[in-house]
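> Show me the folded form of this:
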Amino acid sequence: MINSELNKRPEWWKILTTMRIAIILLITLGILASLGTLIPQGAPADFYLQYYGPYLGRLILFFILDQMYSSWWFLGLGALFSLNLLLCSVRRIKSLKHIRDAGSVFLHLSILIILWIQ
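As a prediction, this is how the structure comes out:
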């Protein structure tokens with residue numbers, strides 16, 4: 001019955017509820033957060049052009065790497081990861097046989113709550 005329900009789902013649901021996408025998004029966010037730690041955040045544009053040179057400085061400014069954690073694409077990736085985590089949890093809740101098996105689902109949902117409260 002579960003397989004027949006999954007076959008009725010739209011393609012975006014099948015893609016977005018896979019663990020592979022969650023891992024890709026998590027690794028991408030981790031790499032970008034590391035890059036945001038290495039590049040000073042919030043400095044004036046002249047700083048990046050002088051410190052990194054004209055080519056790399058313009059690249060940093062173009063991709064908003066100087067304000068990475070508040071950029072639309074970083075927040076979008078975080079929202080996509082949160083949606084993926086929520087949908088994966090909903091999918092797992094539907095397939096639970098007993099409440100004792102729900103520990104990891106509650107853990108992932110609590111992570112979502114912590115992320116969205118901050």
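> which regions of this structure lie under the pLDDT threshold?
The chain contains residues with pLDDT under 70 at 1-7, 98-101, 118.
> With adjacent residues omitted, what lies nearest to the residue of it positioned farthest from its centre?
The outermost residue of the chain relative to its centre, with distances by C-alpha atoms, centre = their mean, is Q50 at 31.8 Å. Leaving aside its sequence neighbours, Q50 sits nearest to G57 (C-beta to C-beta, 6 or more residues apart in numbering; 7.4 Å). Backbone N, C-alpha and C define where each C-beta goes, glycine included.
> Give the helix, strand or coil label for L107.
Look at L107: counting by DSSP: H, G, I helix; E, B strand; the rest coil, its state is helix.
> residues near it, how many?
10 (other C-beta atoms under 10 Å).
> can you pull the contacts of it?
Not one residue lies near L107 by C-beta atoms under 8 Å, 6 or more residues apart in numbering.
> so where does the residue nearest to Q50 fall, helix or strand?
helix 45-62 (DSSP states H and E).
> what packs against whichever helix in the chain runs longest?
Scanning the chain for the longest helix, with DSSP state H as the assignment, gives helix 72-94. Applying 3 or more C-beta pairs under 8 Å, 6 or more residues apart in numbering; DSSP states H and E, one finds that helix 72-94 contacts helix 11-16, helix 19-38, helix 103-117.
> just how off-centre is that helix within its chain?
In terms of C-alpha atoms, centre = their mean, to the nearest Å, the centre of helix 72-94 is found 7 Å from the chain centre.
> next one: stretch 18-29
Distance, centroid of stretch 18-29 to centroid of chain: 7 Å (C-alpha atoms, centre = their mean).
> Residues contacting that stretch, please?
I15, F74, L77, G78, L80, F81, N84, L85, C88.
> List the buried residues of it.
I21, A22, L25 (16 or more other C-beta atoms under 10 Å).
> give me every residue that touches the residue nearest to Q50.
A45, Y48, L49, Q50, Y51.
> try R92
S104, V105.
> Many thanks, we can stop here.
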